[in-house]
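Undergrad: just coords:
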């Protein structure tokens, strides 16, 4: 008797610790004893004649479906042709196995045992063929993504808003579900029979080959490539970014549908042996899953430029969001390498994000540009840093995890007066808030240094007002407002007002000082009045011409400054104008000396700050070509910046 034949009689439970430790369930390993897995009447109660009758019945149906007995049996599927006969075939094989046990235990004729064993080998070949055919023909019906979707139908029904949606969802899967349910039932019957008869290895081999090809093909279609760190490092960022976007879509489908679905299929087919179930699932999915989760780690190793931080955070977020599913699906010792790879990628991504953030902070500190921005406009560094931070706050929850054990160094601590550090117990995002506050402080300090590059103090204050206002706007219109709080915002609003006030005080001091403190109470001769108006004209034209190239980026701030200057200038000048207008007119000095009416000043201020066009008298700044061209240039610059 060949050795392969004897295994159906003499196999017993394995005492291998690796098998028993892999499951706490009652499922058994590859080749369990049929007597231990299926309760039956003690064999000694059956007469030998009854056993022989069972063998004859088994012989009849097994011979009929012997692939070598006829063309019909070779090309036809037993389970497709007749499900009732397929059930009878499985029943007969189980009875044949019991008969062989009986023959061994009762020392019956070896000829009977050999005959039974020959029938068993024929039956196993048939079942191998059926197992392969069912797996192959139901390849689409047993697609893991479809199986996973069907397993979640009740969840979908809970979320569906109408009965029609539920009905539509049910109809869309009903046909496929019917076929796949039958297929998994047939596969389970064959698998249980083959395993109980000692042919588990043959069954498992077929299953692993077929199912692994399905999973690998699905991963390929999802764009999961086997890329090395060297290949990734050599890629252009634009190409790699496309692959990252593809991976972000693929990983959700792979985890929630592909791997989850494959776990369901394995569980349905191998219900009696957890060891086999785990072995199949591990061998089918492990290689592809490791390849999937190795990609983020390779990307993190190769790219550490601060501009790439957002893609690193996307990768981190994807794994972190799916971690509970990953941990559940790959929860066994045999699949621990998948969990380890996913964790390694998270760790590497976290390290890279922290390094990128430190590099970003360092770049702010190292910025050494010495050219002042024309017109005191918004500095490119301010725009870059604040746009960067406002985008970063979209990842506040992730950053909280990444920065949790990474506090600011002692030499980077924040002044107590600058920012009230949130209590970690009250705000889990306090570590992110502190880091954002520190980076903003760094850029504000850098701006203070850059303001010193201006020779005109008024322009320096205007530069600070512009840039601090932009910082404030970015905070108020992003999640930074929640992180930094109302107290921070209030303090910086006051700072912007202080800078704007300093600009007004210094930038318009010559104009305002040309007007007596109290024009109505001051008495001047005609010559003194003429000199006063001439001084005012010169100061106003000079200031207008100088500031025509200056910029106030924010429209609201521009309005506030314009209104404030007009409030100080126009009423005081109006009093002077009304008091000496008639006297100068009688001396025929009106047109040559009084070049501005009070309304003209308001118009010119509007033109200076908003480019609305001045409409003063003929004796106004029309005589100053330089001033007019300056005002036009000012308007164009504002329009350009307002469109930016």
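TA: It's in. Note that this is a predicted model, so its numbers are computed, not measured. Numbers count the residues shown, from 1 in each chain.
Undergrad: contacts and neighbour counts: CA atoms only from here.
TA: OK.
Undergrad: Okay, strands next: where are they in the chain?
TA: The residue ranges that make up strands in the chain, judged by DSSP state E, are empty, as it has none.
Undergrad: Pull the contacting residues for the most centrally placed residue in the chain.
TA: The C-alpha lying nearest the average C-alpha coordinate of the chain belongs to residue 314 (Cα atoms, centre = their mean; 3.3 Å). When the contact criterion is Cα atoms under 8 Å, 6 or more residues apart in numbering, the partners of residue 314 are residue 248.
Undergrad: Relative to residue 477, how far out is it?
TA: Using Cα to Cα, to the nearest Å, we find residue 314 at a distance of 22 Å from residue 477.
Undergrad: worst-scoring helix or strand of the protein, pLDDT-wise?
TA: Here the helix or strand of the chain ranked lowest by mean pLDDT, DSSP states H and E is helix 17-20, holding a mean of 33.
Undergrad: Mark out where each domain of this protein begins and ends.
TA: 367-507, 509-643 (automatic domain parsing).
Undergrad: Dump those to JSON lines, plus distance to residue 140, mean pLDDT and mean neighbour count.
TA: Listed next are those as JSON lines, based on distance: least, Cα to Cα, whole Å; pLDDT from 0 to 100; neighbours: other Cα atoms under 10 Å:
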{"stretch": "domain 367-507", "distance to residue 140": "38", "mean pLDDT": "87", "mean neighbour count": "17"}
{"stretch": "domain 509-643", "distance to residue 140": "55", "mean pLDDT": "76", "mean neighbour count": "17"}
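Undergrad: Mind checking these for the one nearest to residue 85?
TA: Nearest to residue 85 among the domains of the chain is domain 367-507; the distance by Cα to Cα comes to 58.5 Å.
Undergrad: And that closest one, how far out from the chain middle?
TA: Centre-to-centre, domain 367-507 and its host chain are 26 Å apart (Cα atoms, centre = their mean, to the nearest Å).
Undergrad: Stretch 534-547 too?
TA: So, by Cα atoms, centre = their mean, the centroid of stretch 534-547 is 56 Å from its chain's centroid.
Undergrad: and what of stretch 567-580?
TA: Centroid separation between stretch 567-580 and its chain, computed with Cα atoms, centre = their mean, is 61 Å.
Undergrad: Repeat that for stretch 257-276.
TA: Relative to the centre of its chain, stretch 257-276 is centred 30 Å away, using Cα atoms, centre = their mean.
Undergrad: for stretch 361-369, same thing?
TA: Centroid displacement of stretch 361-369 relative to its chain, using Cα atoms, centre = their mean, is 29 Å.
Undergrad: which residues touch it?
TA: 381, 439, 442, 443, 446.
Undergrad: so who does the first one touch?
TA: Yep, that's residue 381 we're talking about. For residue 381, the contacting residues are 364, 443, by Cα under 8 Å, 6+ apart.
Undergrad: Give me the phi and psi for residue 82.
TA: Residue 82 has phi and psi values of phi -150, psi 110 when expressed as degrees, to the nearest 10.
Undergrad: burial measure for it, as a count.
TA: By the criterion of other Cα atoms under 10 Å, residue 82 has 11 neighbours.
Undergrad: Now flag whichever of the contacts of stretch 361-369 is closest to residue 100.
TA: Taking Cα to Cα as the measure, residue 439 is the one of those closest to residue 100, at 79.8 Å.
Undergrad: how close does the closest residue to residue 387 other than its chain neighbours sit to residue 389?
TA: Distances taken as Cα to Cα, 6 or more residues apart in numbering place residue 474 nearest to residue 387, at 7.5 Å, with adjacent residues excluded. Computed with Cα to Cα, the distance linking residue 474 and residue 389 is 9 Å.
Undergrad: Ok, residue 49 next?
TA: Remark: distance between residue 49 and residue 389 (Cα to Cα) = 86 Å.
Undergrad: now residue 68
TA: Relative to residue 389, residue 68 is positioned 74 Å away (Cα to Cα).
Undergrad: same deal with residue 403?
TA: Residue 403 is 15 Å from residue 389, where distance means Cα to Cα.
Undergrad: can the domains of the chain go into CSV with extra columns for distance to residue 260?
TA: Supplementary listing: the domains of the chain in CSV, determined by distance: least, Cα to Cα, whole Å:
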stretch, distance to residue 260
domain 367-507, 25
domain 509-643, 50
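Undergrad: To residue 103, which of those lies closest?
TA: With Cα to Cα, the closest approach to residue 103 among those belongs to domain 367-507: 66.4 Å.
Undergrad: Any idea how far apart the tips of that closest one sit?
TA: Taking Cα to Cα, the first and last residues of domain 367-507 lie 29 Å apart.
Undergrad: The closest residue to residue 383 other than its chain neighbours: what's it in contact with?
TA: Counting by Cα to Cα, 6+ apart, the nearest residue to residue 383 once its immediate chain neighbours are dropped is residue 470, at 7.8 Å. Residue 470 sits next to 378, 382, 383, 554 when contact means Cα under 8 Å, 6+ apart.
Undergrad: what are the phi and psi values for residue 69?
TA: Here is the backbone geometry of residue 69 (degrees, to the nearest 10): phi -90, psi -30.
Undergrad: neighbours around it, how many?
TA: Around residue 69 sit 11 other residues, with neighbours defined as other Cα under 10 Å.
Undergrad: Which residue, other than its chain neighbours, is closest to it?
TA: Closest residue to residue 69 apart from its sequence neighbours, by Cα to Cα, 6+ apart: residue 63 at 7.1 Å.
Undergrad: contacting residues around the one you found?
TA: With contacts defined as Cα under 8 Å, 6+ apart, residue 63 is in contact with 69, 119, 122.
Undergrad: what pLDDT does the first one get?
TA: Read it as residue 69. In this model, residue 69 is scored at 73, pLDDT.
Undergrad: same thing with the second one?
TA: In the prediction, the pLDDT value recorded for residue 119 is 89.
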